[in-house]
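1. Predicted model follows, preceded by the sequence.
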Number of protein chains: 8
Amino acid sequence: ARTGIPEAVLAEGKSPDQLARILAEARARRTVLFLTRLPPEIATGFPDLDYDPISRTGIFGIPTRRPETDGKIAVVCAGSSDLPVAAEARRALQVFGTDAPLYADVGVAGLWRLMEVADELRQFRVLIAVAGMEGALFSVLAGLVPGLVIAVPSPVGYGVSAGGQVALTAALASCAPGVVTTNIGNGFGAAAAAWKVIGAG
Amino acid sequence: ARTGIPEAVLAEGKSPDQLARILAEARARRTVLFLTRLPPEIATGFPDLDYDPISRTGIFGIPTRRPETDGKIAVVCAGSSDLPVAAEARRALQVFGTDAPLYADVGVAGLWRLMEVADELRQFRVLIAVAGMEGALFSVLAGLVPGLVIAVPSPVGYGVSAGGQVALTAALASCAPGVVTTNIGNGFGAAAAAWKVIGAG
Amino acid sequence: ARTGIPEAVLAEGKSPDQLARILAEARARRTVLFLTRLPPEIATGFPDLDYDPISRTGIFGIPTRRPETDGKIAVVCAGSSDLPVAAEARRALQVFGTDAPLYADVGVAGLWRLMEVADELRQFRVLIAVAGMEGALFSVLAGLVPGLVIAVPSPVGYGVSAGGQVALTAALASCAPGVVTTNIGNGFGAAAAAWKVIGAG
Amino acid sequence: ARTGIPEAVLAEGKSPDQLARILAEARARRTVLFLTRLPPEIATGFPDLDYDPISRTGIFGIPTRRPETDGKIAVVCAGSSDLPVAAEARRALQVFGTDAPLYADVGVAGLWRLMEVADELRQFRVLIAVAGMEGALFSVLAGLVPGLVIAVPSPVGYGVSAGGQVALTAALASCAPGVVTTNIGNGFGAAAAAWKVIGAG
Amino acid sequence: ARTGIPEAVLAEGKSPDQLARILAEARARRTVLFLTRLPPEIATGFPDLDYDPISRTGIFGIPTRRPETDGKIAVVCAGSSDLPVAAEARRALQVFGTDAPLYADVGVAGLWRLMEVADELRQFRVLIAVAGMEGALFSVLAGLVPGLVIAVPSPVGYGVSAGGQVALTAALASCAPGVVTTNIGNGFGAAAAAWKVIGAG
Amino acid sequence: ARTGIPEAVLAEGKSPDQLARILAEARARRTVLFLTRLPPEIATGFPDLDYDPISRTGIFGIPTRRPETDGKIAVVCAGSSDLPVAAEARRALQVFGTDAPLYADVGVAGLWRLMEVADELRQFRVLIAVAGMEGALFSVLAGLVPGLVIAVPSPVGYGVSAGGQVALTAALASCAPGVVTTNIGNGFGAAAAAWKVIGAG
Amino acid sequence: ARTGIPEAVLAEGKSPDQLARILAEARARRTVLFLTRLPPEIATGFPDLDYDPISRTGIFGIPTRRPETDGKIAVVCAGSSDLPVAAEARRALQVFGTDAPLYADVGVAGLWRLMEVADELRQFRVLIAVAGMEGALFSVLAGLVPGLVIAVPSPVGYGVSAGGQVALTAALASCAPGVVTTNIGNGFGAAAAAWKVIGAG
Amino acid sequence: ARTGIPEAVLAEGKSPDQLARILAEARARRTVLFLTRLPPEIATGFPDLDYDPISRTGIFGIPTRRPETDGKIAVVCAGSSDLPVAAEARRALQVFGTDAPLYADVGVAGLWRLMEVADELRQFRVLIAVAGMEGALFSVLAGLVPGLVIAVPSPVGYGVSAGGQVALTAALASCAPGVVTTNIGNGFGAAAAAWKVIGAG
Ligand SMILES: Nc1ncnc2c1ncn2[C@@H]1O[C@H](COP(=O)(O)O)[C@@H](O)[C@H]1O
Ligand SMILES: Nc1ncnc2c1ncn2[C@@H]1O[C@H](COP(=O)(O)O)[C@@H](O)[C@H]1O
Ligand SMILES: Nc1ncnc2c1ncn2[C@@H]1O[C@H](COP(=O)(O)O)[C@@H](O)[C@H]1O
Ligand SMILES: Nc1ncnc2c1ncn2[C@@H]1O[C@H](COP(=O)(O)O)[C@@H](O)[C@H]1O
Ligand SMILES: [Mg+2]
Ligand SMILES: [Mg+2]
Ligand SMILES: [Mg+2]
Ligand SMILES: [Mg+2]
Ligand SMILES: [Mg+2]
Ligand SMILES: [Mg+2]
Ligand SMILES: [Mg+2]
Ligand SMILES: [Mg+2]
C-alpha cells in the first residue's frame, strides 16, 4: 500500500491453508486484500470473501472509498473470450475507487463496431485494452484515440497464439505510439497502472 | 514450370560460379529464370540479367507474355520499409504476366489512409499484403475486403519484432477469416499463389 | 458476413452461458453460425445445434444454399490422426455451399498412394492439405499439382513435432511455389480462403 | 499527430533515397519529424537534421513549443550501457515539450545509490526506467516510488540476456504493481506514453 | 555418495513398482535415500518413508548425523508460493546434517522487509535464494550480502513467467557478482552445492 | 582414433596460433587430422594442408588408405546451396577410405528428378541426405529406399527456416522409419556414422 | 514394409473406432502392425493385441520370424525413468527379429557403473542409448565404444529439461563422432534404424 | 567491493569515451577495475591497462594482494576453443588474489584424458568447468570429484549449440548433484563465486 495501491495476492498455486493464514493476518492488520486467479472450488471455503467467478477474484475487507464513475478510464475488449481478463481489471478498479465502463465486442474483424464507439472512446484518459489471438486491437485503438492504451494480452487462441503469446508480442511491437503492455492476463496490473495515471494512486 | 510458374532461384548463399552455371544451363534450355535475394555486388557480374536493386531480383530470359493490367491482384503495404518485399511480389507477377498496382503507406497506425482506399481495394480478387512490426494490417484489411488476403510478413522491426516473427504469427493467428500466409519476406511465393488463384497459372 | 463468409465462433474457452447468449442473439438476427472447437460435453446442452463430434463443430441455423459438388476444392490428408482438422474444413465448406471430396491416407511415407491419385488431384483449383509430424506432404503435393495448396498444419506429433509446430514451419518454408498456410488446426480458415479463391465468397 | 504526438520515423532499414523523400514531404507539409535508429553515416547526408549520435535520433523542423522542465517525468537507468536508450526517450520528450532529468548509474547491484535518490524519485508522476541484463531495476524502483514506472528493456547483455530479452520478460513478470512495458529499446514509445500520462498529449 | 552427498531419487514419473524396487535395494545396501517430487498419493503406499507433503520429499533410512544449526547456510524466499522449493532445500540440508533457518516473505516488492533482515543475512556463508516471477530477489540479495547466493528459480508465475523461465534467466543474467544458479525448482541441487561450499560434503 | 575414426578439429573460432600448435602436435604424433569449418583466409597460412574451399575442410597428413569406391554410401542433396555440407561429408569419407558418389539437385519440388534415380539409390546401404528449407527430402527419400537415411540439415533458408532449424525438426519428426539425424551442417558427423554403419570404422 | 520394416501406427490421439478400423484392415491384409503410444485403457478394448504396459506398445498379428539373440544391437539407458522408451525400442526389435540385451542404470553420474560394462558394450555394432535430463550419456558412450550410437532422448526431466529438449540438443551437439539422433521418445525409430544398420532390414 | 569482490566493468558496447570517463573516475577513487569483453582495437587506446587479448580483459590499477597458489580452485576446460572463457576466469582470480591452475583438453570425447587427472582434480574445493558444444563435461566431472563444480557454458558450437545454449541447459539439467551454473561465457562471475566459496571474498 506504500505505493497507493491496495495489496494483491496471486492465489493460484497457494494451498487453502496458506490462504487462510494470509487472510487471518490481513484481518489482524485491518488491510484490504485483492485476490487474483482464485479457483472457485477454493473460494467456497472462504465465505467472507466477496468472490466473482468470472474474473476469479476475491475482495477481502471493505474498501474505504465507494467506487465512483469518473469517466477517466475505460476497459475495451474484442470478444466474450476476453471477458475474464477485462473483469479482473474492472474489479481491481472498483477496489481502488472507480467504476470503469466496459466496451466489449469491438474486435478488429468487425471494424465498424469499433468505429461506432470511437468518439466515446476518445473521451477517456486511459484505455485498458484486452485482446487475444493476433492482438490487432491494440494498434488500431491507439491509432484512433488520444488516451494512453494499456494493452493486456489475453490467453485466448490456439496454435501459434495459444496462451496469448502472439497478442503480447503484437502489443510490444505496435507501430502506434502510446501503447504500453502488461503480462498476459494481468488485468490487475493494468488497473494499478491506470489508477496511477489518473493521479489517484 | 510443370505447375504453371516460371522457375525461381534463391540466389542468396550461392557463389558467382554456381549462379553462372545455373544461368548457362537455363540459356541452353531456353528457360526464363527469376532470381531472388540476389545481392547487387554479385548482380553486376551478370549484365544479361534484368536486375532491380530494390527487390534484389533478376529476370533472365524474355518472358513470353507481356504483363497486362487485369485488375485482379493488388499489392498493399504499410510503409516504405516494406517496399523491397512488395517489389519482389510485383516483379514476380510481371514475369508471370500481370502488372499489379501498389498501395503503399496504408498501415493501421493511420487507419484513415486505409479507409480512403477501401472501396478501391474491395475490387480485387487477391490482395498481397506486406507488413512488419506487429502485422495488424493483415486482420484489418481482411475485415474490410471480400478478396483473399495473402499475408507476407516483412522482416522489419526491432526487439521482439526483429526479423518479422511477430508479423508472421499475427498473420497466422488472425481472427479475420480468409487470411493465408507465406514465409517472412517471401514475395515470390505470394505472387505464385496469387497467380494460381486467378486461374492463370 | 460482410466478406462473404458466414460467421464463426471459437467455442473453446467460452462458458455454456456465454454460448447460450451468442446463440440467442444469432436466432434473433436470423444468422447462420459456425461453431468451432466445441467440446462434446458442452454441445449436448444445445440440442438445436447440428453437432459433429469428429470435427467438434456445430452449425446453428439453416444455411441458405444446399451444398453442391462442384469439383473445384479437395481436402487431402496424410492419416487418420489428421481427420478432425480435415473434417472442420469440410464442414465449413458445406456451410458455405460445397461438398469437397476427401483424399485421406496419402502421406509421403507411402509415396505411391499419393502418386496413384495425382492425376485426380490435378483437376482441382484448390487443395486443402492437412498434415502433422514433419509436414512433407505440403511440398510434395505442391510439386505435383497446378492448383493452390492451402496447408493446414495438424497438431499431431510428439517430441519436437508436438502441437503441430514442425508441420507449420515446414509449410512456411516450403520450396515449392504456390503453398500458403493457416494457423495450426485452422480448418475453418482454410475453407474460408478456398471459398474466396473459387470466387464464391 | 491526430493522437497528440509528433510523427516518428524508424530510419533503420530505410535507404538515403527513401529518407530524402520522407523529409521533402515533411517540409512540404511543414511537419516536425522525429527520426529514430538513424545511423550516423547516413545522418551526415542530411545537414538540416538536428542529429544526436548517442541516441541516434534526428529532429527535423522546429518543434513549436520550447521544452520546459515541469518535474513530472524522470528518466532512470542502471549504467552507461543504457544511455543510448535513455537518450532516445529524453530527446523525444524534448520534441514533445519537456526536459526530463536523467538519473544514471542507479542499478540494483549497488542498491545504496538508488536509495540515495529515492526521495527525489518519489516526486515524479512518471519514471521511464531503462535497464538491460536481468532488469531487476524495474521491480525495485516500482516498489520504492508511487509514480507509474514505464520499463524500457535495453539491448544490453550477453548469453541469455543478449538483445534485451531477459530484461523484457522481467519487466512483464514484475511482481510490483504499476509497471508497464514497451518493446526493447523503444525509448520513443516510452516517451510518447509518458507524455500522454501527464495529460499533455 | 562418492561425492559426499547421500543419493537422491527423482520420484516423479516413476511407478510405485519401480519405487518399491529402488527402496528394497537401498534397504539391502543400508543406504539413506532422498526422494524428490514424490506425489502424496504415491507416498501413502510407503509408510516407512519420512514424507513431507509441502516439499513432496521422502527420507528413507536414518541419516547418520543429527542435523545441527551451524549458522553457515540460510534459505531465503519471496513469498508463500516459493515455500515448496525452499522446503525441498531445507529437507535435503537436514539429511546432510544441518538445520538452515528460513527467511520467508522478503521479496523485492516490499524492499524494506529485506532491508530489515539484511544484517542477519550478512552473517551467512551461503544463501539459497528461491524466487519466481521476475526473480529480482537474486540480484538485490547478492548486492547486499558477502556470502555466495545460490539462486533456485521457482516455477511460480503466469504468462511469460509461467514455469519459472523468467526467474531462471534473471538469475543467469544477474549483474551482481557471486550469483550461481540451479535448474528451476531444484532445491536439492542447491542444498548439495551449499553443503559442498561449507566444506562438509 | 580409438573409435576407428581419424581425429577432427573444429577450426572455426580457433586462432591461427592455436591451429599451428594443434598441427605441430599432430605432426609430432604422426596423426592424420581433418579440419572442419576452416575459413579460407586462415587456410592460406597453412600450405601443408590439403584445403578445399567448397567444404572449407583441410586434411593434414596422408591418410593411410587410398579411398575406394565400394558402392555402399551415397550422398544426396536438394540443390546447389546444399553443396558445401555435402562436400564436407564426402571429404570426410575420403579421409576414412571411400569415395561416395553425389546425387545433387534431387529436391522434392521436382519429384520426378528424384524418381529417375530412385532405383540407383536403392542399391546403397547408407544415404547421407543433405537438405535445407523445409527438409521434405528426408521423409520422401526414406519412403523410397531400404538403406539407412542419415539426415544432415543444411543451414539454407530465410525467415522461419533461417539457419536450418526447420529442416532439422523435419528430420527428427519424420514419419518414415529409418531416418536418423545429425546437427545442422554436420557433414563430418554423418560421414563418421555412415563409416561405422558399413563396418569399416 | 517396402523398406523392410513392419508397419507402425502411432496410436496416441486416435479414437478406439479409428484403431478398430486400422486393425480390421490389417487383419484383411494379413499384415503385422506395431502400435506405439497406446494408452492402457484403450488397449483393454483390443484383446487380440499383444500389449505391453511399460512400453505402451501393442503387436498385432504374428511376426514371421522368431527373435534371435545375435549380439549386434544393445539398448543402454541411464535409469528407471528411461525404461519405457528403452522398452519401446526392444519390443520393436523383437517384432523385426532380434532380442537386444538391456544395460540399464549406467548413467554418467555414476561413471564407474558404465566403465564396468564398457568392454561388453564394445562388442556391439549398434548401441541404442536412451537418456533424459542433460543427456551426457550419449557423448560419454560414443567416446568409449566403436559401434554406432543411436541416441533416443527421453522425455524425463523438469525445468529446462522438461519434455526431453535438453537431452535432444545434447545428442545433436555431441562432440563425439558417430552419434546420430531420433526424435524424443522415438524408440521405434531407433530400432528401425538399428535394424537397417545390421543389414537385416 | 562491498561484497568483497573488486569492481568489474562490462566493456562491450561502451564507447571509448565512456570507458575513458569510467577509468578517470576509478583513478580518482584509487579503485582497481576489472574490464571484461574489451575488444583489442579499443584496448590499444588505453596503454595504462594491463590487457590480455585471449581473455579480452583489462586490469586497471594495481591489485593490493599478489596472487598466491593456494590449491583450492582449479579451472578445467574441454578444448582450445574454450580457452578465452577459461582465461577470463583465471584473470579475475588473479585480481582477487589467487593463481588457479588450468586443466585444458579434458573433454569427454576423450574420457581417458580426464581420468588421468581425476585424482589431482579431487584435491580442489572448487572446479570452474568451461565447456561448449553439448556440455557433457559438467556432469562427468561432478560425478568424479567431491568439490563444487561451477559450470561456465562456452559460446562454442554451431547449429543447435550455437552461442552456448545447449551447454547452458546441460549444466542446469545435470543429473550430478553439486553443479551450479553461470551465464554463457561468464568467467568473471564464476571466479567471483569461487572466491566467495573459499571464504576469501
Ligand atoms: N524467395 C524465394 N522464396 C521461396 N522459394 C524460393 C525463392 N526463391 C527461389 N525459391 C525456390 O526455392 C527452391 C530451391 O531453390 P534452388 O536452391 O535455387 O534450387 C526452388 O524450388 C525455388 O523455386
Ligand atoms: N477455428 C477458428 N479459427 C479462426 N478463427 C475463428 C475460428 N472460430 C472462430 N473464429 C473467429 O475468431 C474471432 C473471435 O471469435 P469470438 O471469440 O467468437 O468473437 C471471430 O472473428 C471468429 O470469426
Ligand atoms: N564439423 C564438426 N562437427 C561436429 N564435431 C566436430 C566437427 N569438427 C570437429 N568436431 C569434433 O569436435 C570436438 C571438439 O573439437 P576441438 O575443439 O577441435 O577439440 C572434437 O571431438 C572433434 O572431433
Ligand atoms: N563479464 C561479466 N559478466 C557478468 N557481469 C559483469 C561482467 N562484467 C561486468 N559485469 C557486471 O555488470 C554490471 C554492469 O556493468 P557496467 O555496465 O559496467 O556498470 C556491473 O555490476 C559489473 O560488475
Ligand atoms: Mg482478440
Ligand atoms: Mg507494419
Ligand atoms: Mg503427417
Ligand atoms: Mg541493467
Ligand atoms: Mg518472486
Ligand atoms: Mg532443401
Ligand atoms: Mg539421463
Ligand atoms: Mg565442450
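-> Cool, the structure landed. Residues are numbered from 1 along each chain as shown, chains lettered A, B, ... in the order given. Ligands and ions are numbered 1, 2, ... in the order given.
2. Write out the residues of chain A neighbouring chain B.
-> Within chain A, the positions near chain B by C-beta under 8 Å from any C-beta of the partner chain are A:78, A:107-111, A:133-136, A:138-140, A:142-144, A:157, A:159-161, A:165-167, A:169-177. Placement of C-beta: from N, CA and C, glycine included.
3. repeat that with 7 Å
-> A:107-111, A:133-134, A:136, A:139-140, A:143-144, A:157, A:159-161, A:166, A:169-170, A:172-176 (C-beta under 7 Å from any C-beta of the partner chain).
4. Contacting ligand 2 as well, which ones from those?
-> The overlap between the residues of chain A next to chain B and the neighbours of ligand 2 (C-beta under 6 Å from any ligand atom) comes to residue A:109.
5. so which of the residues of chain A next to chain B also contact chain C?
-> Among the residues of chain A next to chain B, chain C is touched by A:159-160 when using C-beta under 7 Å from any C-beta.
6. Among the residues of chain A next to chain B, which lie within strands?
-> Here DSSP state E is the test, and the residues of chain A next to chain B give no hits in strands at all.
7. ChimeraX command for the buried members of the residues of chain A next to chain B?
-> In ChimeraX, selecting the buried portion of those, with burial taken from 16 or more other C-beta atoms under 10 Å in any protein chain shown, looks like this:
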select /A:107,108,109,110,111,133,134,136,139,140,143,144,157,159,160,161,166,169,170,172,173,174,175,176
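8. Around chain E, which positions in chain A sit nearby?
-> Checking chain A against chain E by C-beta under 7 Å from any C-beta, the hits are A:10, A:13-14, A:18, A:164, A:183-186.
9. OK, contacts around the residue in chain A positioned nearest to ligand 4?
-> Taking C-beta to the nearest ligand atom, ligand 4 has its nearest neighbour within chain A at residue A:172, 24.2 Å off. Neighbour list for residue A:172: A:181, B:159-160, D:182-183 [criterion: C-beta atoms under 7 Å, 6 or more residues apart in numbering or on different chains].
10. redo that, cut-off 6 Å
-> Neighbour list for residue A:172: A:181, B:160, D:183 [criterion: C-beta atoms under 6 Å, 6 or more residues apart in numbering or on different chains].
11. And the second one, how far from ligand 5?
-> Meaning residue B:160. Using C-beta to the ion, to the nearest Å, we find residue B:160 at a distance of 18 Å from ligand 5.
12. Distance of the nearest residue to the residue of chain A closest to ligand 4 once chain neighbours are set aside relative to residue H:197?
-> Distances taken as C-beta to C-beta, 6 or more residues apart in numbering or on different chains put residue D:183 closest to residue A:172, at 4.4 Å, once the chain neighbours are dropped. Distance, residue D:183 to residue H:197, by C-beta to C-beta, to the nearest Å: 40 Å.
13. again, but for residue A:152
-> Taken as C-beta to C-beta, the span from residue A:152 to residue H:197 is 44 Å.
14. and the residue sitting furthest away from the middle of chain A, what element?
-> Here the centre of chain A is the reference, and by C-alpha atoms, centre = their mean the most remote residue is residue A:28, at 28.2 Å. Per DSSP states H and E: residue A:28 is located in helix A:16-29.
15. Spell out, range by range, the strands that occur in chain A.
-> A:7-10, A:33-36, A:50-52, A:57-60, A:73-77, A:102-103, A:126-131, A:148-153, A:179-181.
16. any chance of the ones you listed in a markdown table, plus mean neighbour count and mean pLDDT?
-> Converted to a markdown table, the strands of chain A look like this (neighbours: other C-beta atoms under 10 Å in any protein chain shown; pLDDT from 0 to 100):
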| stretch | mean neighbour count | mean pLDDT |
| --- | --- | --- |
| strand A:7-10 | 20 | 92 |
| strand A:33-36 | 24 | 96 |
| strand A:50-52 | 18 | 97 |
| strand A:57-60 | 24 | 97 |
| strand A:73-77 | 27 | 97 |
| strand A:102-103 | 18 | 97 |
| strand A:126-131 | 29 | 98 |
| strand A:148-153 | 31 | 98 |
| strand A:179-181 | 31 | 98 |
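17. okay if I get the ones you listed as JSON lines plus distance to residue D:66?
-> Below are the strands of chain A laid out as JSON lines (distance: least, C-beta to C-beta, whole Å):
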{"stretch": "strand A:7-10", "distance to residue D:66": "42"}
{"stretch": "strand A:33-36", "distance to residue D:66": "44"}
{"stretch": "strand A:50-52", "distance to residue D:66": "50"}
{"stretch": "strand A:57-60", "distance to residue D:66": "47"}
{"stretch": "strand A:73-77", "distance to residue D:66": "32"}
{"stretch": "strand A:102-103", "distance to residue D:66": "38"}
{"stretch": "strand A:126-131", "distance to residue D:66": "28"}
{"stretch": "strand A:148-153", "distance to residue D:66": "25"}
{"stretch": "strand A:179-181", "distance to residue D:66": "27"}
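18. just to revisit the earlier point, of all the residues of chain A next to chain E, the one with the weakest confidence?
-> Sorting those by pLDDT puts residue A:13 at the bottom of the list (87).
19. Could you check the pLDDT of the residue of chain A closest to ligand 4?
-> 98.
20. tell me which parts of chain A are close to ligand 2?
-> So chain A meets ligand 2 at A:79-81, A:109 (C-beta under 6 Å from any ligand atom).
21. before we move on, the earlier item: with respect to residue F:88, which of the strands of chain A lies nearest?
-> strand A:148-153 (44.1 Å; C-beta to C-beta).
22. Tell me how many other residues crowd the residue in chain A that chain H sits nearest to.
-> Nearest to chain H in chain A, going by C-beta to the nearest C-beta, is residue A:165, at a distance of 19.7 Å. By other C-beta atoms under 10 Å in any protein chain shown, 20 other residues sit near residue A:165.
23. next one: residue A:89
-> 30.
24. same thing with residue A:48?
-> Using other C-beta under 10 Å, residue A:48 is surrounded by 11 other residues.
25. any idea what sits nearest it, other than its immediate chain neighbours?
-> Using C-beta to C-beta, 6+ apart and skipping the chain neighbours, the partner closest in space to residue A:48 is residue A:60 (6.8 Å).
26. and that neighbour, what is it in contact with?
-> Neighbours of residue A:60 in contact, by C-beta under 6 Å, 6+ apart: A:23, A:26, A:33, A:49.
27. Residue A:63 contacts residue A:96, doesn't it?
-> No. The criterion here is C-beta atoms under 6 Å, and residue A:63 misses it with residue A:96 at 7.9 Å.
28. Looking at the two, which is more packed in?
-> residue A:96 (24 against 15).
29. can you give me the helices for chain A?
-> Remark: helices assigned in chain A by DSSP state H are A:16-29, A:40-43, A:83-96, A:111-116, A:118-121, A:136-144, A:165-172, A:187-197.
30. Provide the contact partners of the first one at residue level.
-> To tie it back to what came earlier, the one meant is helix A:16-29. Contacts for helix A:16-29 (C-beta under 6 Å, 6+ apart): A:33, A:42, A:45, A:60, E:80.
31. Let me see the domain layout of chain A.
-> Residue ranges for each domain of chain A read A:7-60, A:73-197, as given by automatic domain parsing.
32. Tabulate these (CSV), appending distance to residue D:117.
-> Output for those, formatted as CSV (distance: least, C-beta to C-beta, whole Å):
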stretch, distance to residue D:117
domain A:7-60, 26
domain A:73-197, 20
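33. Might you list the low-confidence residue ranges for chain A?
-> Where chain A drops to pLDDT under 70, the residues are A:1-4, A:200-201.
34. Over in it, which residue gets nearest ligand 10? Let me know.
-> With C-beta to the ion, the shortest gap between chain A and ligand 10 falls at residue A:160, namely 23.4 Å.
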